[in-house]
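**Q** have a look; sequence and predicted model below, questions after that.
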Amino acid sequence: MVAHIETVAFLGLEAKPVDVQVQISGGVPNFTIVGLPDKAVGESRERVRAALSAIGLGLPPKRITVNLAPADLPKEGSHFDLPIALGLLVAMDVVQGPDLDRFVVLGELSLDGTLTGVAGTLPAAMAANSRDKGLICPAPCGAEAAWAGFDDTNPGVLAPATIIQLINHLKGNQLLSEPVPMKAVLGDALPDMKDIKGQESAKRALEVAAAGGHNMLMVGPPGAGKSMLAARLPGILPPLSPREMLDTSMIASIAGELSEGRLTQRRPYRAPHHSASMAALIGGGLRVRPGEVSLAHSGVLFLDELPEFPRQVLDSLRQPIETGEAVVARANAHITFPARFQLVAAMNPCRCGQAGDPGRACARLPKCVLDYQAKLSGPLVDRIDLHIDVPPVSARDLALPPPAEGSSEVAARVAAARTLQAERYDGTEVLLNAHADGDLLETTVKLSSAGRDLLMEAADRTGLTARGYHRVLRVARTLADLDQVPNVERLHIAEALSYRNQNGNSLGAAA
């Protein structure tokens, strides 16, 4: 007899069904797992053997063969332990196979029979629910799986703490209660805009970036407050919508970063070090995992000291910025992760950081500036909507009392502007002005005649690229939304152009 248990293998966020087939036959005692298992799956033999021994069940001295079908699909991770163990229990007539036919099973076994939490429970639960099946998972993952929204037509979620609890439930000796989803939390308090003294133009640009989801680059000397500004962006962004919360939680679940199965309404904020590799930023690795661009989906990706990142790594951002997806290509598969993030970057004007102060700058000016900024490719810079000069803060500014306006006031204006965008783009896949393109952008940006004349004049003088032209329109539309007016006026175009070509900023001029 061959026992069948259903589990999943992950390709990106997609949970592919896997049939765990277990056969116990005569022959030389052996325990073999076939079907392209990785090392973690291959080691399941010893974990399963020890866990069953811990509850008083020894494997029969026969030939045990476990096949993970389809055999050409790579199997990775430790979550195959529990389905293999259940398959053995069915083959040994300890539990009945029909009781498990309506469940997808995943979980890692400890040597004492305890079930340990695994990554990817939420996508697995969503996949099981879509096929009208229930889910068996470890107790630490039960609250996470419950977010899949199982109804009364399927078996729901079983979340035992140990394998003996699961056996007793299947045999009718013990009843496992169905886990409930933990309430989504907003998270800890975030840094407030009141902490920033001076930098009024930079704070205005931060508000514009938050309102329209625009990418932003800040250029200024060390200590000017660039990192402080970036850290306060999440505090003025609205909470995640239910759909966004589910998407970001599924990515975090695959990456094993969904703490205690608790979903959060806080938008992700990722700030990788400039030593990050391409696989760490975009995704990949021996066992393909989402990178920082995907973990920042629906949130903010902050890259400090931008030119210090390897140029090849920075150029790999170009496709995700445009498409909102990160594609990891392999010989046997193309794995796609969502990556609709808001890029916020910061850099010094040159390596010494004092190019704007003739008294403190190094002797290599202006070559120092050109060499340092040349590390950024033109196509990448062209994809950044807002280019901001962040001057040093004077001691006089620091001596002033904290500003009266904080994050809550700015967040209210941002929320009002985003409400207009939600109404405007209702029924489309676009959520924010930064994502509008083509005919949709042309129809939503209603330029006044004075605004159009100014845009055409600026395009002729600065050699604005086609991408730059569209990004100016998007920023101008956001500025009009902040002013709560339907049409884009000349002053909105003028401010949008100022962010595109900052005085003294060669990056802005190049874009």
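**A** Yep, it's here. The model shown is predicted, which means the values in this text are computed figures rather than measured ones. Numbers count the residues shown, from 1 in each chain.

**Q** tell me, how many residues neighbour residue 370?
**A** Other residues lying near residue 370 total 12 when counted by other CB atoms under 10 Å. The way it works is simple: take the backbone N, C-alpha and C, and place the C-beta from them, glycine included.

**Q** mind checking the SS state of it?
**A** Classification of residue 370 using DSSP: H, G, I helix; E, B strand; the rest coil returns helix.

**Q** and what of the one 5 residues further on?
**A** The assignment at residue 375 comes out as coil when based on three-state DSSP.

**Q** next one: phi and psi at the residue lying closest to it once chain neighbours are set aside?
**A** Counting by CB to CB, 6 or more residues apart in numbering, residue 375 lies nearest to residue 307, which is 4.1 Å off, once chain neighbours are set aside. Main-chain dihedrals, residue 307, degrees, to the nearest 10: phi -70, psi -10.

**Q** and residue 307, how many neighbours?
**A** The burial count for residue 307: 19, using other CB under 10 Å.

**Q** then residue 97?
**A** Other residues near residue 97 come to 17 when the count uses other CB under 10 Å.

**Q** how far does stretch 28-42 stretch from start to finish?
**A** Start and end residues of stretch 28-42 are separated by 19 Å (CA to CA, to the nearest Å).

**Q** which of the residues in it are buried?
**A** Across stretch 28-42, burial judged by 16 or more other CB atoms under 10 Å covers 31, 33, 35, 36, 37, 40, 41.

**Q** where strands are concerned, which of these count?
**A** Those of these mapping onto strands are 31, 33, per DSSP state E.

**Q** what about the buried residues of stretch 28-42, which are in helices?
**A** Of the buried residues of stretch 28-42, the ones assigned to helices by DSSP state H are 40, 41.

**Q** thinking again about what came up before, can you pull the pLDDT of the residue nearest to residue 375?
**A** For residue 307, the model assigns a pLDDT of 94.

**Q** residue 371 is in contact with that one, correct?
**A** No. Residue 307 lies out of contact with residue 371 (CB atoms under 8 Å); the separation is 9.6 Å.

**Q** dump the helix or strand hosting residue 496 to CSV, keeping only the CA atoms.
**A** Residue 496 belongs to helix 490-500 when assigned by DSSP states H and E. What follows is helix 490-500, C-alpha atoms only, in CSV (Å, rounded to 0.1, in the frame of the first residue of the first chain):
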residue,chain,number,x,y,z
ARG,A,490,1.7,76.6,-13.4
LEU,A,491,3.0,76.7,-9.8
HIS,A,492,2.6,72.9,-9.5
ILE,A,493,4.7,72.4,-12.7
ALA,A,494,7.3,74.9,-11.4
GLU,A,495,7.7,73.1,-8.1
ALA,A,496,7.8,69.7,-9.8
LEU,A,497,10.6,71.0,-12.2
SER,A,498,12.5,72.3,-9.2
TYR,A,499,12.7,68.8,-7.8
ARG,A,500,13.9,67.5,-11.1
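
**Q** identify the residues contacting that helix?
**A** Identification of contacts with helix 490-500 by CB atoms under 8 Å, 6 or more residues apart in numbering yields 205, 208, 385-388, 447-448, 450-451, 453-455, 458, 462, 464, 468, 471-473, 475-477, 479-480, 483, 508, 511.

**Q** please narrow those residues to those residing in helices.
**A** Reading helices off these with DSSP H, I get 205, 208, 450-451, 453-455, 458, 462, 468, 471-473, 475-477, 479-480, 508.

**Q** wait, isn't residue 244 in contact with residue 298?
**A** Yes. If you go by CB under 8 Å, residue 244 and residue 298 touch, sitting 4.4 Å apart.

**Q** show me which of the two is the more surrounded one.
**A** residue 298 (22 against 19).

**Q** ok, residue 83 to residue 164 distance?
**A** 17 Å (CB to CB, to the nearest Å).

**Q** low-confidence bits of this structure, can you list those?
**A** Applying pLDDT under 70 to the chain picks out residues 186-187, 356-361, 363, 501-511.

**Q** domains of it?
**A** According to automatic domain parsing, the chain comprises the domains 2-170, 193-510.

**Q** so how far is the last one from its chain's centroid?
**A** Read that as domain 193-510. 16 Å (CA atoms, centre = their mean, to the nearest Å).

**Q** same deal with the first one?
**A** With CA atoms, centre = their mean as the basis, the distance from the averaged C-alpha position of domain 2-170 to the chain average is 28 Å.

**Q** nearest residue to residue 254 other than its sequence neighbours?
**A** Leaving aside its sequence neighbours, residue 254 sits nearest to residue 120 (CB to CB, 6+ apart; 5.1 Å).

**Q** list the contacts of the one you found.
**A** Here residue 120 is in contact with 8, 10, 15, 77, 79, 106, 253, 254 (CB under 8 Å, 6+ apart).

**Q** tell me how far the closest residue to the fourth one other than its chain neighbours lies from residue 47.
**A** With sequence-adjacent residues excluded and distances taken as CB to CB, 6+ apart, residue 77 is closest to residue 40, at 5.8 Å. Look at residue 40 and residue 47: by CB to CB, they are 10 Å apart.

**Q** any residues in contact with both of those two?
**A** Applying CB under 8 Å, 6+ apart, one finds that residue 40 and residue 47 are jointly contacted by residue 78.

**Q** show me where the stretch 51-200 of the chain has strands.
**A** 63-69, 103-105, 108-109, 115-116, 134-136, 157-158 (DSSP state E, counting those that start in this stretch).

**Q** go ahead and name everything in contact with the first one.
**A** Spelled out, it's strand 63-69. 9, 18-37, 41, 75, 80, 84, 87-88.

**Q** likewise stretch 221-234?
**A** Taking CB under 8 Å, 6+ apart as the rule, stretch 221-234 contacts 190-193, 195-196, 198-199, 202-203, 206, 209-210, 218, 220, 266-267, 269, 271, 299-300, 302, 304, 342, 344, 346, 348-349, 353-357, 390-393, 407.

**Q** swap the cut-off to 7 Å and go again
**A** Stretch 221-234 is contacted by residues 190-193, 195-196, 199, 202, 206, 210, 218, 220, 266-267, 269, 300, 302, 304, 344, 346, 348-349, 353-354, 356, 390-393, 407 when judged by CB atoms under 7 Å, 6 or more residues apart in numbering.

**Q** which of those fall in strands?
**A** Counting by DSSP E, those contribute 218, 269, 300, 302, 344, 346 to strands.

**Q** burial measure for the second one, as a count.
**A** Applying the criterion other CB under 10 Å, we find 20 residues in the vicinity of residue 269.

**Q** can you tell me how far residue 422 sits from residue 301?
**A** In terms of CB to CB, residue 422 sits 23 Å off from residue 301.

**Q** these two: which has the busier surroundings?
**A** More crowded of residue 422 and residue 301, by other CB under 10 Å: residue 301, with 27 against 13.

**Q** any idea which residue sits dead centre in this protein?
**A** residue 295 (2.4 Å; CA atoms, centre = their mean).

**Q** now it: closest residue in space, sequence neighbours ignored.
**A** Residue 295's closest residue in space is residue 270 (CB to CB, 6+ apart), at 5.4 Å.

**Q** contact partners for the one you found?
**A** If you count contacts by CB under 7 Å, 6+ apart, residue 270 has them with 292, 295, 296, 301, 302.

**Q** now the residues you listed in TSV, please, with extra columns for distance to residue 431.
**A** As requested, these are exported to TSV (distance: CB to CB, whole Å):
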residue	distance to residue 431
292	21
295	19
296	15
301	17
302	20
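
**Q** got a list of contacts for the top strand by length along the chain?
**A** As assigned by DSSP E, the longest strand anywhere in the chain is strand 14-25. Residues outside strand 14-25 that contact it (CB under 7 Å, 6+ apart) are 2-9, 60, 62-69, 73, 75, 83-84, 87-88, 91, 123-124, 127.

**Q** and if you look at stretch 47-59?
**A** With CB under 7 Å, 6+ apart as the test, stretch 47-59 has contacts from 81, 84, 85, 88, 94, 109, 110, 111, 112, 113, 163, 164.
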